[in-house]
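Enquirer: quick one, what's the 3D model for this:
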Amino acid sequence: MKRNWFVFPLSVLCVALALPAAAATSTKKIAFSNNYAGNSWRQAMLKSFATVAKGAVANKIVAAADIFTAADTSVPTQAAQVQNLILQGYDAIVINASSPTALNGAIQKACSAGIVVVSFDGLVTAPCAYRVVIDYKALGREQVEQLARLRPKGGNLLEIRGVAGTSIDATLHAGIVEGVKAHPNFKIVGSVTGNWDQTTAQKAVASILPSLPPVVGVVDQGGDGYGAAQAFAAARKPLPVVVMGNRQDELAWWQQEKARSGYETWSGSIAPGISTLAFWVAQQVLDGRKVPHDLIVPYLSFHQGNFEAALRTIPKGGVANHDYSQADAITAIKANTK
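Expert: Numbering: from 1, shown residues only. Sure, this is the predicted structure:
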């Protein structure tokens with residue numbers, strides 16, 4: 001699969017650069033409510049948001065852009081956080097949500113108070129909220145499509161799930177199930193929870209491996225591929241095709257195995273910088289631009305022929321990323337406007 005990006009003609013960029021510094025939003029405050037920060041993807045997400053938000057404040061595009069990460073991943077904790085942000089008088093809340101539905105009461109209260117709410121990655125289903133997301137179901141299906149290409153005879157699969165209760169986990173899983181239905185020569189014979197974390201995934205995979213028949217592939221949700229591979233190696237089991245999630249440690253391991261044995265897999269995930277796209281979408285709504293409530297953007301993927309070039313650009317312990325600009329947001333809004 002090709003690496004998917006928006007392509008901006010020079011004329012579009014020139015127009016974007018000529019835009020005024022969004023004076024209408026210069027007094028507006030944007031908050032970021034985040035429910036989890038426990039892996040490299042989330043750390044990159046927070047860093048991207050902080051970098052872009054700092055620039056927007058310095059350029060007087062907004063008055064403030066503050067990050068709030070909940071102490072745990074529970075719905076009540078994040079709901080209380082949202083309530084607090086309402087009381088603090090923020091004009092917009094960007095949220096990576098712990099549940100697609102359980103936060104809707106708090107989200108609706110924010111909307112009723114005139115606050116713009118933009119969810120991304122972990123979405124909310126409240127009708128008043130905006131949603132910026134990749135097609136996770138398509139990403140799940142694509143994992144199985146890639147396995148069908150690499151293992152055309154099919155076989156047994158192990159699935160590693162993410163954080164329970166999130167829209168990401170549910171939608172990716174649904175896509176994987178659809179992919180298996182489309183390729184019935186594959187069968188999911190085991191499922192564990194990895195919480196998008198390689199250490200958790202490694203322990204979970206190690207615990208289930210003794211009970212599994214031979215596995216030809218591992219489908220997962222990013223951040224857990226390297227841990228799964230380590231579990232198979234420690235158990236001295238044949239190494240299956242482990243789908244990766246664009247993390248530096250995963251791609252470095254892939255490079256090592258490619259050099260050693262010609263190992264081939266596929267990697268796909270959302271860019272952590274989607275947090276910055278959500279920020280700019282919130283700013284554009286505050287600025288009066290008409291924005292569709294659902295914006296779908298491409299995911300990043302790498303294959304045998306291009307992952308090593310990408311690996312050279314990723315910091316150690318990091319993840320493949322892209323920070324979005326205000327011009328990117330305007331282009332994405334136009335692309336999603338019917």
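Enquirer: can you give me the neighbour number for I296?
Expert: The number of residues packed near I296 is 15, by other C-beta atoms under 10 Å. From N, CA and C alone the C-beta is placed, and that goes for glycine too.
Enquirer: for it, which residues are in contact?
Expert: V133, I134, D135, N336 (C-beta atoms under 8 Å, 6 or more residues apart in numbering).
Enquirer: next, give phi and psi for the third one.
Expert: Yep, that's D135 we're talking about. phi -80, psi 90 (degrees, to the nearest 10).
Enquirer: what pLDDT does it get?
Expert: D135 is assigned 90 on the pLDDT scale.
Enquirer: now the closest residue to it other than its chain neighbours: how far from S325?
Expert: Nearest residue to D135, sequence neighbours excluded (C-beta to C-beta, 6 or more residues apart in numbering): I296, at 5.8 Å. Taking C-beta to C-beta, to the nearest Å as the measure, I296 falls 19 Å from S325.
Enquirer: just K290 next, same as before
Expert: 20 Å.
Enquirer: between these two, who's got more neighbours?
Expert: S325 (17 against 8).
Enquirer: test my guess that the more buried one contacts F279.
Expert: No - here S325 does not reach F279: they are 10.6 Å apart, not a contact under C-beta atoms under 8 Å.
Enquirer: who touches the most centrally placed residue in the chain in this structure?
Expert: Centroid-nearest residue in the chain: I270, 4.0 Å away (criterion: C-alpha atoms, centre = their mean). When contacts are counted by C-beta under 8 Å, 6+ apart, I270 is found next to D121, V133, I134, Y136, L139, G222, Y299, L300.
Enquirer: I'd like the distance from stretch 277-289 to the chain centre, please.
Expert: Relative to its parent chain, stretch 277-289 has a centroid offset of 20 Å by C-alpha atoms, centre = their mean, to the nearest Å.
Enquirer: how about stretch 190-205: buried residues?
Expert: For stretch 190-205, the neighbour count (16 or more other C-beta atoms under 10 Å) marks 190, 192-202, 204-205 as buried.
Enquirer: so where do the helices sit in the stretch 151-300 of the chain?
Expert: Applying DSSP state H, counting those that start in this stretch to the stretch 151-300 of the chain gives helices spanning 167-182, 198-208, 225-234, 248-261, 274-286.
Enquirer: and of those, who's closest to A110?
Expert: helix 274-286 (11.9 Å; C-beta to C-beta).
Enquirer: and the contacts of I296, which are buried?
Expert: Buried by 16+ other C-beta under 10 Å: V133, I134, D135, out of the contacts of I296.
Enquirer: separation between the first one and A206?
Expert: Distance, V133 to A206, using C-beta to C-beta: 32 Å.
Enquirer: for Q256, same thing?
Expert: From Q256 to A206 the distance is 20 Å (C-beta to C-beta).
Enquirer: do the same with K60
Expert: Distance from K60 to A206, by C-beta to C-beta: 52 Å.
Enquirer: more neighbours: which of the two?
Expert: Using other C-beta under 10 Å, the more surrounded residue of K60 and A206 is A206, with 17 against 13.
Enquirer: and the pLDDT at that one?
Expert: A206 carries a pLDDT value of 98.
Enquirer: show me the strands in the stretch 51-200 of the chain, by range?
Expert: 64-69, 92-96, 116-120, 130-133, 155-161, 186-193 (DSSP state E, counting those that start in this stretch).
Enquirer: deepest in the core, which of these is it.
Expert: strand 92-96 (a mean of 28; mean count of other C-beta atoms under 10 Å).
Enquirer: so which elements touch that one?
Expert: If contacts are counted by 3 or more C-beta pairs under 8 Å, 6 or more residues apart in numbering; DSSP states H and E, strand 92-96 sits against strand 29-34, helix 75-87, strand 116-120, helix 274-286.
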